[in-house]
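1. next input, structure requested:
(chains A and B)
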Number of protein chains: 2
Amino acid sequence: MGLRMGDPGLSYRDAGVDLDAADRAKRRLKTLVEATRDRYTLSELGLFGGLYQVPDGLSQPVLVASADGVGTKLKIAFEAARHGTVGQCLVNHCVNDILVQGARPLFFLDYLATGQMDEEVVAEVVGGVAVACAENGCALLGGETAQMPDFYAQEEYDLAGFIVGVVERDRVLDGRGIRPGDVLLGLASTGLHTNGYTLARRIVFDVMGLRVEDDLPGTGRTVADELLSVHRSYLRPLAPLLESGTLRGLAHITGGGIPGNLPRVLPNGVGAVVDRGAWKVPAVFRTLQEGGRVERGEMDRVFNMGVGMIAVVRPEDVDRAADRIQEGGVDVYPIGTTEAGAGVRYTG
Amino acid sequence: MGLRMGDPGLSYRDAGVDLDAADRAKRRLKTLVEATRDRYTLSELGLFGGLYQVPDGLSQPVLVASADGVGTKLKIAFEAARHGTVGQCLVNHCVNDILVQGARPLFFLDYLATGQMDEEVVAEVVGGVAVACAENGCALLGGETAQMPDFYAQEEYDLAGFIVGVVERDRVLDGRGIRPGDVLLGLASTGLHTNGYTLARRIVFDVMGLRVEDDLPGTGRTVADELLSVHRSYLRPLAPLLESGTLRGLAHITGGGIPGNLPRVLPNGVGAVVDRGAWKVPAVFRTLQEGGRVERGEMDRVFNMGVGMIAVVRPEDVDRAADRIQEGGVDVYPIGTTEAGAGVRYTG
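-> Numbering: from 1, shown residues only, chains lettered A, B, ... in the order given. Predicted coordinates:
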């Protein structure tokens, strides 16, 4: 407390902010970002804002934008000191969020806030972001890396992202065409994706007393491997079906589970019935349910239970749609149907 | 640690996440957001992604996007329990960041991460975001409010934002037209804006031993009033000059100060000379410099020193440009000129 006579004056670095480290980290990111550029990307990183030309060939282009974070899945990354996948989870999550409205991604920006700038960790995190951007054909247009000492713990950070995609106005997918009797196709998740981690961590670490390097019972994998599984992007398996106009609606199953997300795309007067027996719930969910003695309804509302995306199609399109999705590398099951009514009810 | 026989099972709420509170907060936000809608805003809040039609009447529309945070200015808001202005700072910062490339704002999304969802605080923070969006003619298209217990302290949160604006491709402002002998117009800041808070807090709280409710010497204001001053948007004073093509370049003076930001818009072979005597440095910066015995060069590199934006204009346009800016409600001073060379040097 207080400066004495003769003490040197304060600098930003003394206060915990290293502008040079921030500059070095930014230069390293530049290379990672280059790989995601496309012909519409007009700017280079380091300008105040990123420039992206609205793609040609659309008569009434509608931008679809979404913001998201990774949530406390980050805590697993901290514990395991593995920072390369959370950025992929973030990008894929955002891609799925605009995909459900029929949009393909154009560009992405990230917000990374750290206590102290660790160049290695920043490069690993943003490297994951860049990898997933490249996979999804999405330009990493910019971002902010904020140093906030005494805000985040030394080895911790928060990560958020922002995506903009585009869809032709008359191709916006809003579920309006869904009718009772349509079929719900459930697309397999890779695990928890990015939801329910606060409860999952309570169960795995506090109740079951496990560490990240321990085996997670029933899964044949370590806690870290299972809980850091990359949130999957459904762009590749679903893009051909969007293109052909086969999809009546899409629901990304995130926080709130099927009951919290599927009704958001169902028109008034349409509900859904989901057959619990139609797909095999992955081991991780059973382990969490038993470990935490979590009620089944609570499980359904917090976790995706193995279904990361639901596609709604006409009964006559089921086989063709399922084939396309499977060809895109994702397992798919008919998990139920729509019906006159409201909300989601389970059978089985 | 561990559940005993007969203990009730765990729920998401037990683990610290209240989905109902999150829903209630979202419903309150909806009203705030309505006021920012314009004719291109196609979606309502609550969908997965926000929809915004690319405005008509542009032949080659270029999107300009930027991500930013509020930094540790948030700590002052926490201390003072005043949450209504930080959202304004964030939006205005983002508006300025794309303005310097010639873009007017279209839409904004926010990311608010909290330890525990306090509906009142969330509404106050996002209320500030919505107010500034309305002021800047920018739709608040969506956002994410994340509950991350044991990540953020009880009463704390982080706030980041993402903006997308638009500019006609041949009107992108990139400083290419700047020549030696052009004039630097300095637009007055309202204080620290959102930069240098880690150092400012060290000085004010640790070295000077002040509290948020104390007077900040020299300023005639309390620490909270001074340090929570809203980061100003320069859209209104600068829009007419962008429209008329009068501006050769714009630099938003944020972290890095004038030496860190002005060169980013100067073409190769062009430097700048800034006359320290040309404007009156606001009291808060003198108080911080003396309080922390901060070297002058460090002050210049960390703070805006009273100049929040620099507009570069031809000598013959100075009077007209300065009049327009002053009419837009912002004080403006000729603070220097461009010259053959590189970087920024100070005189006076």
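2. A:Ala160 belongs to a helix?
-> No - assigned with DSSP: H, G, I helix; E, B strand; the rest coil, A:Ala160 falls outside any helix and is strand.
3. pLDDT score for it?
-> A:Ala160 carries a pLDDT value of 97.
4. now swap in A:Arg37 and tell me
-> The model's pLDDT for A:Arg37 equals 83.
5. element containing the residue nearest the centre of chain A?
-> By Cα atoms, centre = their mean, chain A has its centre lying nearest to A:His93, at 1.9 Å. Using DSSP states H and E, A:His93 falls within helix A:86-99.
6. do the same with A:Val166
-> Using DSSP H and E, A:Val166 maps to strand A:157-168.
7. adjacent strands (with direction) for that strand?
-> strand A:61-69 (antiparallel), strand A:104-114 (antiparallel) (DSSP bridges).
8. turn those strands into a markdown table, columns for mean pLDDT, mean neighbour count and distance to A:Ala342.
-> Yep, even glycine has a C-beta here, placed from its N, CA and C like the rest. Formatted as a markdown table, these follow (pLDDT from 0 to 100; neighbours: other Cβ atoms under 10 Å in any protein chain shown; distance: least, Cβ to Cβ, whole Å):
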| stretch | mean pLDDT | mean neighbour count | distance to A:Ala342 |
| --- | --- | --- | --- |
| strand A:61-69 | 95 | 27 | 26 |
| strand A:104-114 | 95 | 26 | 31 |
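9. which stretch among these comes nearest B:Gly343?
-> Taking Cβ to Cβ as the criterion, strand A:104-114 is the member of the strands paired with strand A:157-168 that comes nearest to B:Gly343, at 28.3 Å.
10. wait, doesn't A:Asp68 sit right on A:Cys89?
-> No - applying Cβ atoms under 8 Å as the test, A:Asp68 and A:Cys89 come out as separate, 9.7 Å apart.
11. mutual contacts of the two, please.
-> A:Thr194 (Cβ atoms under 8 Å, 6 or more residues apart in numbering or on different chains).
12. ok, the residue nearest to the centre of chain A to A:Ser233 distance?
-> Separation of A:His93 from A:Ser233 (Cβ to Cβ, to the nearest Å): 9 Å.
13. next one: A:Asp110
-> According to Cβ to Cβ, A:Asp110 stands 16 Å off from A:Ser233.
14. residue contacts, A:Phe151?
-> Neighbouring residues of A:Phe151 by Cβ under 8 Å, 6+ apart: A:113, A:115, B:72, B:74-75, B:156, B:158.
15. buried among the residues you listed? Need that as a selection in PyMOL.
-> In PyMOL, this line selects whichever of the contacts of A:Phe151 come out buried by 16 or more other Cβ atoms under 10 Å in any protein chain shown:
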select buried, (chain A and resi 113+115) or (chain B and resi 72+74+75+156+158)
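16. residue ranges with poor pLDDT in the stretch 1-150 of chain A?
-> A:1-8, A:19, A:22, A:26, A:44-49 (pLDDT under 70).
17. residue of it closest to chain B, please.
-> A:Gly9 (3.3 Å; Cβ to the nearest Cβ).
18. show the pLDDT at the spatially closest residue to that residue that is not a sequence neighbour.
-> Distances taken as Cβ to Cβ, 6 or more residues apart in numbering or on different chains place B:Arg293 nearest to A:Gly9, at 3.3 Å, with adjacent residues excluded. As predicted, B:Arg293 sits at a pLDDT of 96.
19. please enumerate the strands of the stretch 201-348 of chain A.
-> Per DSSP state E, counting those that start in this stretch, the stretch 201-348 of chain A carries strands over the ranges A:215-216, A:221-222, A:249-252, A:270-275, A:307-313, A:332-340, A:344-347.
20. redo those strands as TSV? Include distance to chain B and mean neighbour count.
-> Below are those laid out as TSV (distance: least, Cβ to the nearest Cβ, whole Å; neighbours: other Cβ atoms under 10 Å in any protein chain shown):
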stretch	distance to chain B	mean neighbour count
strand A:215-216	17	18
strand A:221-222	21	16
strand A:249-252	6	25
strand A:270-275	17	20
strand A:307-313	11	26
strand A:332-340	18	19
strand A:344-347	15	15
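21. domains in chain A, by residue range?
-> A:19-171, A:183-347 (automatic domain parsing).
22. quote the end-to-end distance of the longest one.
-> When you say that, I think you mean domain A:183-347. End-to-end distance of domain A:183-347: 15 Å, with Cα to Cα, to the nearest Å as the criterion.
23. what about it, distance to the chain center?
-> 13 Å (Cα atoms, centre = their mean, to the nearest Å).
24. out of the domains of chain A, which one sits most buried?
-> Across those, averaging neighbours per residue (mean count of other Cβ atoms under 10 Å in any protein chain shown) puts domain A:19-171 on top, at a mean of 22.
25. can you give me the strands for the stretch 1-150 of chain A?
-> Using DSSP E, counting those that start in this stretch, strands in the stretch 1-150 of chain A cover A:50-53, A:61-69, A:104-114, A:139-147.
26. now render the ones you listed as a markdown table, adding distance to B:Ile325.
-> Putting the strands of the stretch 1-150 of chain A into a markdown table (distance: least, Cβ to Cβ, whole Å) gives the following:
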| stretch | distance to B:Ile325 |
| --- | --- |
| strand A:50-53 | 25 |
| strand A:61-69 | 31 |
| strand A:104-114 | 30 |
| strand A:139-147 | 27 |
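27. if we can go back for a sec, please name the residues that touch the residue nearest to the centre of chain A.
-> A:68, A:70, A:161, A:193-194, A:231, A:254.
28. now A:Val274. Nearest residue, chain neighbours left out?
-> Excluding the flanking residues, the one nearest A:Val274 by Cβ to Cβ, 6+ apart is A:Gly336, at 4.1 Å.
29. correct me, but A:Pro180 touches A:Val270?
-> Yes - under the contact definition of Cβ under 8 Å, A:Pro180 touches A:Val270, with a separation of 6.0 Å.
30. mutual contacts of the two, please.
-> Residues touching both A:Pro180 and A:Val270 (Cβ under 8 Å, 6+ apart) are A:338-340.
31. in CSV, list the contacts of A:His93 along with distance to B:Ala80.
-> Output for those, formatted as CSV (distance: Cβ to Cβ, whole Å):
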residue, distance to B:Ala80
A:Asp68, 30
A:Val70, 30
A:Gly161, 30
A:His193, 38
A:Thr194, 33
A:His231, 38
A:Thr254, 35
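32. thinking again about what came up before, the strands paired with strand A:157-168: which one's closest to A:Glu79?
-> Using Cβ to Cβ, those put strand A:104-114 closest to A:Glu79, at 16.7 Å.
33. quick one: that closest one to helix A:86-99, angle?
-> The directions of strand A:104-114 and helix A:86-99 differ by 140 degrees, with axes from the mean of the first three to the mean of the last three Cα atoms, to 10 degrees as the criterion.
34. report the distance from strand A:104-114 to the chain centre.
-> 12 Å.
35. ok, now stretch A:32-51?
-> In this view, stretch A:32-51 has its centroid 22 Å away from the chain centroid, taken as Cα atoms, centre = their mean.
36. how about that stretch as PDB, C-alpha atoms only?
-> Only the C-alpha atoms of stretch A:32-51 are listed here, as PDB (Å, rounded to 0.1, in the frame of the first residue of the first chain):
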ATOM      1  CA  LEU A  32      -3.400 -19.600 -37.400                       C
ATOM      2  CA  VAL A  33      -6.000 -17.300 -38.700                       C
ATOM      3  CA  GLU A  34      -4.600 -17.000 -42.300                       C
ATOM      4  CA  ALA A  35      -5.800 -20.600 -43.000                       C
ATOM      5  CA  THR A  36      -9.400 -19.600 -42.500                       C
ATOM      6  CA  ARG A  37      -9.500 -16.800 -45.000                       C
ATOM      7  CA  ASP A  38     -11.800 -17.000 -48.000                       C
ATOM      8  CA  ARG A  39     -12.400 -14.700 -51.000                       C
ATOM      9  CA  TYR A  40     -14.800 -12.600 -49.100                       C
ATOM     10  CA  THR A  41     -12.400 -11.900 -46.200                       C
ATOM     11  CA  LEU A  42     -11.100  -8.400 -47.000                       C
ATOM     12  CA  SER A  43      -9.200  -7.600 -43.800                       C
ATOM     13  CA  GLU A  44      -6.200  -8.900 -42.000                       C
ATOM     14  CA  LEU A  45      -6.100  -9.300 -38.300                       C
ATOM     15  CA  GLY A  46      -4.900  -6.300 -36.400                       C
ATOM     16  CA  LEU A  47      -7.300  -3.800 -37.900                       C
ATOM     17  CA  PHE A  48      -9.900  -2.400 -35.500                       C
ATOM     18  CA  GLY A  49     -12.700  -4.400 -37.100                       C
ATOM     19  CA  GLY A  50     -12.700  -7.300 -39.500                       C
ATOM     20  CA  LEU A  51     -14.100  -6.800 -43.000                       C
END
